[in-house]
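Colleague: here is a sequence together with a model predicted from it:
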Amino acid sequence: LKVVNGGLYAVLTSCVTEIIGDDIGSVVKDFRSDGVPIIGAHTGGFKGNSYHGYDLVLQSLFKDYVLPAKEKKRGKVNLWGVVPQLDPFWRGNIRGVRSLLEQLGLEVNSFFTLEDNLENIKAAAEAELNIVVSDIYGLEAAKVFEELHTTPYISIPLPIGPSASEDLLRSVADRLRLGNEKTEIAVAQGNRYYYKTIESLTDCYQDFDLQRYAVVVG
C-alpha cells in the first residue's frame, strides 16, 4: 500500500504458499475490513492449470469486489471466457465479441479491455445477463455470480466466422428478448462487413502471383 496506490489489489498463492498453509484469507480480510480494495485466491499450481486459476480469480472478484445491485439495468451484460495471455489473440477476441454485442445496443462490461475500468467491474452486478464465450473457462465463476448476484448466464463457444457470430447474436437477443428488427440489422451488418473483407482477400490470392498452388482462406 505504501509502494503502489492501486485501485484493486489481488493476492494469489503459489505452490509453496499452499503447502506451508499460509492463511491468506484472514490476512486479506483484515485489510478489506480497513477499507482496502483487495481480493485473494488460492491458486497453487497443483490445484490445476492457469485456466483454472483464471476461474478462481474471477470467483474472488465476484465475491469480494463486485457490489450488490439494487436492481438490474436493462441492456447491460457482462462478458468473459477468453483467458488473457493464454489466448495469444485475447485482446482482439474480446473486442470482437464486445463489438458484436454492442451492435445489439447492449452495454458491455468485458473486464479486461482498455474500454473497461474498475468502476464498471464494481457495478457488474447490475447486468441482466452474463455471457461466457467458452464451454469450460469461467463457468464456475458464472455459477458463483448467479448465486451471489442472481444474474443468469449463458455459455456460448467463442464465435469464429459469420455463422457462429450470427448464432451468438441470436442467442443473446433471444435470451434478452430484444426486438427481431434490431437483431436482423446487426446480423446483416456483420455479414456484409465479413464477406466484403473476405472478397478482397480472395481476389488478392487469385490475381497476384504468390507462387502457391493451393490456399485456404478462412
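Modeller: Structure received. Numbers count the residues shown, from 1 in each chain.
Colleague: okay, which residue is most central for this protein?
Modeller: residue 80 (1.6 Å; Cα atoms, centre = their mean).
Colleague: what about the helices in this protein?
Modeller: For the chain, the helices defined by DSSP state H cover 15-20, 24-33, 50-64, 90-102, 118-122, 139-149, 162-176, 180-207.
Colleague: measure how far stretch 40-59 is from the centre of its chain, please.
Modeller: Here the centre of stretch 40-59 is set off from its chain's centre by 16 Å, with Cα atoms, centre = their mean, to the nearest Å.
Colleague: all further residue positions should be reported with the first residue as 38.
Modeller: OK, 38 is where the count begins now, so the last one is stretch 77-96.
Colleague: any weak-confidence spans in this protein?
Modeller: 246-250 (pLDDT under 70).
Colleague: burial check on residue 184, number of neighbours?
Modeller: Close neighbours of residue 184, defined as other Cβ atoms under 10 Å, add up to 11. Glycine gets a C-beta too; all of them are placed from N, C-alpha and C.
Colleague: distance of it from residue 190?
Modeller: For residue 184, the distance to residue 190 equals 11 Å [Cβ to Cβ, to the nearest Å].
Colleague: and the closest residue to residue 159 other than its chain neighbours, how many neighbours?
Modeller: Leaving out its chain neighbours, the residue that sits closest to residue 159 by Cβ to Cβ, 6 or more residues apart in numbering is residue 104, at 5.5 Å. Per other Cβ under 10 Å, the neighbour tally for residue 104 reads 12.
Colleague: OK, contacts around residue 104?
Modeller: 159, 160, 162 (Cβ atoms under 8 Å, 6 or more residues apart in numbering).
Colleague: distance check, residue 216 against residue 203.
Modeller: 16 Å.
Colleague: who's more crowded, these two?
Modeller: Higher neighbour count among residue 216 and residue 203: residue 203, with 19 against 11, using other Cβ under 10 Å.
Colleague: excluding chain neighbours, what is closest to the more buried one?
Modeller: Per Cβ to Cβ, 6+ apart, closest to residue 203 is residue 224, 5.2 Å.
Colleague: picking up where we left off before, was I right to think the residue nearest to the centre of the chain contacts residue 176?
Modeller: No: the pair residue 117 / residue 176 is not scored as a contact, 10.2 Å apart, by Cβ atoms under 8 Å.
Colleague: shared neighbours of these two, anything?
Modeller: residue 169.
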